[in-house]
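# Below are the sequence and a predicted model for it; my questions follow.
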Amino acid sequence: MSYLPYALAVWLLVVGLYGVVTSRHLVHLVVCLTVAQSSTYVLLLAVGYRKHATAPIFKGIPLGTKATDPVVQALTLTDVVVSVTVLALLLAVAVQVYVREGTLDPDEIPAVRG
């Protein structure tokens with residue numbers, strides 16, 4: 001068992017969260033959040049991986065043949081769809097903030113300052 005995919009998932013999460021915390025631009029913040037979300041793809045695929053396994057198609061395959069878990073693949077695909085939807089929504093919010101306030105810097109937006 002290799003720990004490399006798990007280490008990659010943790011690294012992507014840490015890099016993405018570091019970017020979110022240090023971001024001074026709303027578009028940069030959204031991109032860093034997307035990087036953090038992409039760590040879940042790597043993690044899900046690492047959990048569902050089986051060495052020397054075939055695709056989860058069982059017609060004509062002898063009993064006892066190892067196959068990858070199709071549920072993990074479906075969860076990964078669902079995660080991608082949710083991530084793209086969240087990205088589109090946050091970019092739309094950033095565009096509206098720019099239209100109303102004229103800036104994308106969170107420190108210059110009056111509603112964020114309180």
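Right, received. Where do you want to start? Numbers count the residues shown, from 1 in each chain.
# which residues are contacting stretch 64-81?
By CB atoms under 8 Å, 6 or more residues apart in numbering, the surrounding residues in contact with stretch 64-81 are 37, 40-41, 44-45, 47-50, 52-58, 61. In short, each C-beta sits where N, CA and C put it, glycine included.
# now, which of the residues you listed lie within helices?
Judged by DSSP state H, the contacts of stretch 64-81 include 37, 40-41, 44-45, 47-48 as members of helices.
# how about these, which pair is most distant?
For those, the farthest-apart pair by CB to CB is 37 and 48; their separation is 17.8 Å.
# From residue 49, how far out is the residue of the chain most remote from its centre?
Computed with CA atoms, centre = their mean, the maximum C-alpha offset from the centroid of the chain is found at residue 62, amounting to 36.1 Å. For residue 62, the distance to residue 49 under the criterion CB to CB, to the nearest Å works out to 22 Å.
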